[in-house]
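1. Got a predicted structure here, sequence first:
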Amino acid sequence: MSKNISNLSGRIGLKDNLFKQISENTLSKNPKDIKEIANEHNLGVSTLHGAESFYEFLRPSHREKKAFVCNGSACMCAGTQEKLKDTLKEKLGDDKVGEMFCLGHCYENNAFHYDGENYAGKDIEKIDQILKGEEIKQDKFFSKSYATTSFLMDDKLSSTDQFKDQLNKFLKTSKQEIIKSLLESNLTGRGGAGFPTGMKWDFCSKAKGDKKYVLCNADEGDSGAFSDRYLLEDQPLKVIFGMVLCGMVIGSDEGVLYIRGEYPKSIEAINGCINELKKLNLLGDNILGTDFSFDLGICIGQGAYICGEETALIASIEGRRAEVDVRPPFPVTEGLYKKPTVVNNVETLAAATGILINGPEKFSAIGNKKSAGTKLVCLDSFFNNPGVYEIDMGTPMKKIFNEIGGGYKEPVKAFQVGGPLGGVVPLSEIDNLNLDFQEFTAKGFMLGHASVVSIPKDFSMSEYIHHLFEFSAEESCGKCFPGRLGSYRGKEMFDQAKKGTAKIPLKLLNELLVTMQKGCLCALCGAIPTPIMNILKYFGEEMKNDMVKDN
Amino acid sequence: MSSEKRKIAYIDGKPYEIGANHTSILKFVKSYVGEKKVPTLCDDPNLAPYGACRVCSVEVALEKDGPTRMVASCHTPVAENQHIFTSNEAITSLRKNIVELVLTDHPMECDSCEVNNNCELQTVANDLGISDHRYNSPKQHKGIPRDTSHDYMRMNLDNCINCGRCVRACDEIQGPFVLTMSGRGFESKITTDNDMMFGDSDSPQSSITRELQSRRGGAELASAVLERGVDQRPQRPRRPGSYSGYGDTGYTPMPQWGNAPLVSDLDDIPF
């Protein structure tokens, strides 16, 4: 909606952006009256208040708590969180323990956040040390590439020297050649929508604008996924390199990584890299003596899943409420501050780097035209070998689960693949699927981020649907009617079933799901029906005693 | 005669020419087959497309007998040779279900409501044949204290359906940024300033009123607003006293919108 707020916020600019000002002010020990900030920028107090009240971390109810247990799908299925919560409550007090949605420790569970750090696995055993502020040794996730050619996990860009060499080479390469390489590689966006990356860069390079921006969407909020976290923490130079080249291709001199606040280590890693690159003149003005300048910063998310949607992400940085905007206009022509903008996911940017370094033909040779190259796949703690893996597109899921993942630690009946908006695939269907975006969609699922949350055999599917509706009710931006009201009414239906106060009206539930799927403005509330419909289709029998057909 | 080729799109099977002012399917359809063919609850022709209510959804095929897709007509551009379907079973069902959801959080007390029989929501619901909802004990936003602190504006959020038109008018047309949506999801609601009342003595809405009262004119207000530094404001003649933005739209909001939280009795304003 408001061009006015975008334009006024644009005058402040990206470096000291309004969102940063609002969140830093709210989180500071002596916050100013927001009226001061509003007046300074000719904005309304309401503009700032509306934005501030949108974010979980900026709310007083959140700020008065000390520890937060992960309430993501993987930790829920692992059943570790109730005990964890009790332990923390015992140490900190009943009203001092809150929740956060997915801390990206799906491979070990028991995840919680305390004083700006994430802990998981066996860390809770050292809670006394943690509370004393002592640093403890933490386990890291396991990562390995099984790809024919590794584009994302290799060590070809693990030092600033390599970064410099590659940058020297590509600063001399023509923009058209880079776009051509990306188009030939058949790389499609890894954030979910699957738009061809080369085309996006091409559109933005041709868009007219006195200023352009490159945004890295590092707001990975999908439960089960820690692949972006892997890239941000273990391959940060690949991500940054992708942004720099994108800036060169589209004609932008400024970019930002929007990293979720739930990932403190990722923020730390990227921040360290940016500072180092700036010192070496590999970021900043006149990079390596050329006339190309590119500056990079970080925006820290404040607890809103919707910011992973590109228009909401843009609104967030501008200091508007992070509500989804209508499209067109698309960000490539009218993005951040209404200027042409490329918004790419972390994995997309790292893959673009890998493709340029290794050659597009190696990427396109893997998989097929629409699902090309390699993909990071995350396996949760139900697998014998949990971790993040780089895998060729087209690989049979059976192979990934049984050979790479090493099978399951305990009996599972289904998997949610692709985050909370991804499909719920029953165990029996795994044999019929390959790692392929189109194949998943054709069967009524969604590959998305290719993260895997295992649902154990004895886990109630009604409970799982409740979790999904609760998630969308909590995270819906509230703008579109079917999303705002539908997800809440869905949650209420399953609340009532859980309490035994009412049975689930199946006909109404079906109508609600179709309404949300067809009617919602964006893929949060519009795609949450996918896993719910999958569960009703494959596991309806399990829930039949909780349901009534008519209503 | 124009050398440009005329572009055609189809509404329910009949061809119509796409004009320069047809910036959305909704505008295209409305201009040829009337205002009421496609219902809306959040659209306002004077405001930028918003896409919140989704009851303006239509089905679109890119070619004759091609596969259709459900889109919100208010923010989807009309394209050459498009086949637009304004009503069928799936569309009606979608609209009915959305309006039903709206009614789950609305006081069903039309008979005693001040805008009874002059209410957009009531009309849309009646046209779709919806008079009640099927949801079991839905939580409602009831009993939010009414803001009656101001002489000309009052707010009753029990009736509000979150169409956002008042917030958008305040931003896009008038520009004092007094109104906002606050919170998120189901809990989002309209508020003023920093959760202040309209009549709070140091609230901007109050100062704007004071300014108007002292100057008694619209031109001064327009300049006061422009001084705030917004340079892309619609250039329309301002009706004196149009401080809430509605003067520009040429109609009194509350009686038509029924559900809008902002009541601005323009005719009563002493200018």
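-> Structure's in. What do you need?
2. Skipping its backbone neighbours, what lies nearest whatever residue of chain B ends up closest to chain A in space?
-> Closest approach between chain B and chain A, counting by Cβ to the nearest Cβ: B:Phe177, at 2.3 Å. Yep, even glycine has a C-beta here, placed from its N, CA and C like the rest. Excluding its sequence neighbours, the residue lying closest to B:Phe177 (Cβ to Cβ, 6 or more residues apart in numbering or on different chains) is A:Gly44, at 2.3 Å.
3. That neighbour touches A:Ala38, doesn't it?
-> Yes. If you go by Cβ atoms under 8 Å, A:Gly44 and A:Ala38 touch, sitting 6.0 Å apart.
4. Show me which of these two is the more surrounded one.
-> A:Gly44 (29 against 22; other Cβ atoms under 10 Å in any protein chain shown).
5. Next up, phi/psi of the more buried one, please.
-> The phi and psi values for A:Gly44, taken as degrees, to the nearest 10, are phi -80, psi 150.
6. B:Glu89 versus that one, what's the distance?
-> To B:Glu89, A:Gly44 is 44 Å away according to Cβ to Cβ, to the nearest Å.
7. same deal with A:Ile465?
-> Counting by Cβ to Cβ, the separation of A:Ile465 from B:Glu89 is 27 Å.
8. got the contact list for the residue nearest to B:Phe177?
-> The neighbourhood of A:Gly44, defined by Cβ atoms under 8 Å, 6 or more residues apart in numbering or on different chains, consists of A:Ala38, B:Pro176, B:Phe177, B:Val178, B:Thr180, B:Asp193, B:Pro204.
9. does the residue positioned nearest the centre of chain A sit in a helix, a strand or a coil?
-> Taking Cα atoms, centre = their mean as the criterion, A:Glu220 is the residue nearest the geometric centre of chain A, at 1.5 Å. Using DSSP: H, G, I helix; E, B strand; the rest coil, the structure places A:Glu220 in coil.
10. which sections of the chain are below the confidence cut-off?
-> Going with chain A. A:1, A:551 (pLDDT under 70).
11. think we crossed wires, I meant chain B
-> Chain B contains residues with pLDDT under 70 at B:1-4, B:201-271.
12. ok, which stretches of it are helices?
-> Taking DSSP state H, the helices of chain B run over residues B:25-33, B:89-103, B:120-128, B:165-168, B:204-215, B:218-226, B:246-249, B:253-257.
13. outside of the first one, which residues touch it?
-> Helix B:25-33 has contacts (Cβ under 8 Å, 6+ apart) with B:9, B:11-12, B:16, B:18-19, B:21-22, B:37-38, B:40, B:43, B:45, B:56, B:58, B:60, B:71, B:73-74, B:76-78, B:82, B:84, B:86.
14. Return the subset of these lying in strands.
-> Using DSSP state E, B:Ala9, B:Ile11, B:Tyr16, B:Val58, B:Val60, B:Val71, B:Ile84 are the members of those that sit in strands.
15. In contact with residue 73: list those residues for me.
-> Using chain A here. Contacts of A:Ser73 (Cβ under 8 Å, 6+ apart): A:Cys102, A:Ser223, A:Gly224, A:Gln416, A:Pro420, A:Val453, A:His467.
16. I was thinking of chain B, sorry if that wasn't clear
-> B:Ser73 touches B:Ser24, B:Ile25, B:Leu26, B:Val29, B:Val38, B:Cys56, B:Ser57, B:Val58, B:Ile84, counting by Cβ under 8 Å, 6+ apart.
17. And for A:Val343?
-> A:Val343 neighbours (Cβ under 8 Å, 6+ apart): A:Leu215, A:Asn217, A:Glu310, A:Leu313, A:Ile314, A:Pro331, A:Gly335.
18. And A:Lys362, how far from chain B?
-> A:Lys362 sits 36 Å away from chain B, going by Cβ to the nearest Cβ, to the nearest Å.
19. part of a strand, is A:Asn343?
-> Not Asn; residue A:343 is Val. Yes. Using three-state DSSP, the secondary structure at A:Val343 is a strand.
20. and it, bridged to which residues?
-> Beta-bridge pairing for A:Val343 (DSSP bridges): A:Leu215.
21. sec struct for whichever residue of the stretch 251-400 of chain A sits closest to chain B, please.
-> Proximity of the stretch 251-400 of chain A to chain B (Cβ to the nearest Cβ) peaks at A:Val326, 3.8 Å away. Following three-state DSSP, A:Val326 is assigned to coil.
22. Burial check on it, number of neighbours?
-> Residues contacting A:Val326 under the criterion other Cβ under 10 Å number 21.
23. coming back round to it: just the ones of the contacts of A:Val343 in helices?
-> Using DSSP H, the members of the contacts of A:Val343 that fall in helices are A:Glu310, A:Leu313, A:Ile314.
24. do you know how far the closest residue in space to the last one that isn't next to it in sequence is from A:Val97?
-> Counting by Cβ to Cβ, 6+ apart, A:Ile314 lies nearest to A:Leu336, which is 5.1 Å off, once chain neighbours are set aside. Taken as Cβ to Cβ, the spacing of A:Leu336 relative to A:Val97 amounts to 36 Å.
25. Looking at those two, which has the bigger crowd around it?
-> Shown here are A:Leu336 and A:Val97; by other Cβ under 10 Å, A:Leu336 has more neighbours (28 against 22).
26. Make sure that one is actually in contact with A:Ala315.
-> No. Using Cβ under 8 Å, A:Leu336 is not in contact with A:Ala315, being 9.5 Å away.
27. got the residue ranges for the helices in the stretch 1-150 of chain A?
-> Counting by DSSP state H, counting those that start in this stretch, the stretch 1-150 of chain A has these helices, from start to end: A:3-12, A:18-27, A:34-40, A:45-52, A:60-63, A:73-78, A:81-92, A:127-131.
28. Repeat that for the stretch 351-500 of chain A.
-> Listed in chain order, the helices found in the stretch 351-500 of chain A under DSSP H, counting those that start in this stretch are A:360-364, A:397-399, A:427-430, A:437-442, A:461-475, A:481-499.
29. Tell me which of those approaches B:Asp158 most closely.
-> Nearest to B:Asp158, of all the helices of the stretch 351-500 of chain A, is helix A:481-499, at 15.5 Å by Cβ to Cβ.
30. Return the list of strands paired to the helix or strand just after the closest one, each annotated with direction.
-> Per DSSP states H and E, the first helix or strand lying C-terminal to helix A:481-499 is strand A:504-505. According to DSSP bridges, strand A:504-505 has the following sheet partners: strand A:547-548 (parallel).
31. who touches the strand it pairs with?
-> So strand A:547-548 is contacted by A:Lys503, A:Ile504, A:Pro505, A:Leu506 (Cβ under 8 Å, 6+ apart).
32. What of stretch A:9-29?
-> A:31-32, A:34, A:37, A:41, A:43, A:48, A:51-52, A:55, A:57-58, A:63, A:213, A:254, A:256, A:295, A:297, A:299-300, A:302, A:316-320, A:336-339, B:229.
33. OK, now which residue of chain A is nearest to chain B?
-> In chain A, the residue that lies nearest chain B is A:Gly44 (2.3 Å; Cβ to the nearest Cβ).
34. and the gap between that residue and A:Lys35?
-> From A:Gly44 to A:Lys35 the distance is 10 Å (Cβ to Cβ).
35. What about the nearest residue to A:Gly359 once chain neighbours are set aside, how many residues nearby?
-> Counting by Cβ to Cβ, 6+ apart, A:Ser181 is the residue found nearest to A:Gly359 once chain neighbours are left out, at 7.8 Å. Number of residues near A:Ser181 (other Cβ under 10 Å) recorded here: 19.
36. Contacts for the stretch of helix or strand A:Ser181 belongs to, please.
-> Per DSSP H and E: A:Ser181 is located in helix A:175-185. Here helix A:175-185 makes contact (Cβ under 8 Å, 6+ apart) with A:170, A:196-199, A:201-202, A:205, A:245, A:248-249, A:352, A:355-356, A:359-361, A:363-364, A:372-373.
37. The same query, at a cut-off of 10 Å, please.
-> By Cβ atoms under 10 Å, 6 or more residues apart in numbering or on different chains, the residues outside helix A:175-185 that reach it are A:151, A:170, A:173-174, A:187, A:196-203, A:205, A:245-246, A:248-251, A:348, A:351-352, A:354-356, A:358-366, A:372-373.
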